[in-house]
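Enquirer: could you look at this predicted model? Sequence included:
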Amino acid sequence: LFTDPVLPCGQILAEHLSLPSIFHFRGTPCGLDFEATQCPNPPSYVPRVFSDLTDRMNFFQRVKNLMLDFPFYFFCDFVFQSHAKLASEFLQRDVTMLDLFRQASIWLMRFDFVLDYPRPLMPNMIYVGGINCAHKK
């Protein structure tokens, strides 16, 4: 099932029908994609979105990067809480969003190293950057 994890209804359906799922997305704001795939994403080394930091940070910039990461945990719990409740009711078992995201077979990630920094990937994560760019004649 080809789906987008931002609205996890497709993943809930794939889990119910026991179908493999493929995610195609730009990224989740709270890093659930890296947590679900067990990909390293430490806030002390990987700059967070909208932080204006580089991959070479001093101690205070690392602390700032860590502080920018905290609100996203509460934000994602709030946003995905209704989807987790829907999934638990539909699948008739306790399910978290992380459990659903871990079931993905392949992650097609639309990252571009002009905007993002290189980071380690797991084998089921594939970069497909530049997919929305048109070539000039």
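Expert: In hand now; what should we look at?
Enquirer: Leu86 against Glu15, yeah?
Expert: No - in terms of CB atoms under 8 Å, Leu86 does not count as a neighbour of Glu15; the distance is 11.9 Å. Just so you know, the C-beta spots here come from the backbone N, C-alpha and C atoms, and that holds for glycine as well.
Enquirer: so which of the two has more stuff around it?
Expert: Glu15 (19 against 14; other CB atoms under 10 Å).
Enquirer: name the SS class of the more buried one, please.
Expert: helix (DSSP: H, G, I helix; E, B strand; the rest coil).
Enquirer: what of the one 4 residues further on?
Expert: For Leu19, the assignment made with three-state DSSP gives coil.
Enquirer: OK, contacts around it?
Expert: Leu1, Leu13 (CB atoms under 8 Å, 6 or more residues apart in numbering).
Enquirer: likewise His24?
Expert: Taking CB under 8 Å, 6+ apart as the test, what His24 contacts is Phe2, Thr3, Asp4, Leu108, Arg110, Val128.
Enquirer: next one: His83 from Pro8, what distance?
Expert: Distance of His83 to Pro8, computed by CB to CB, to the nearest Å: 5 Å.
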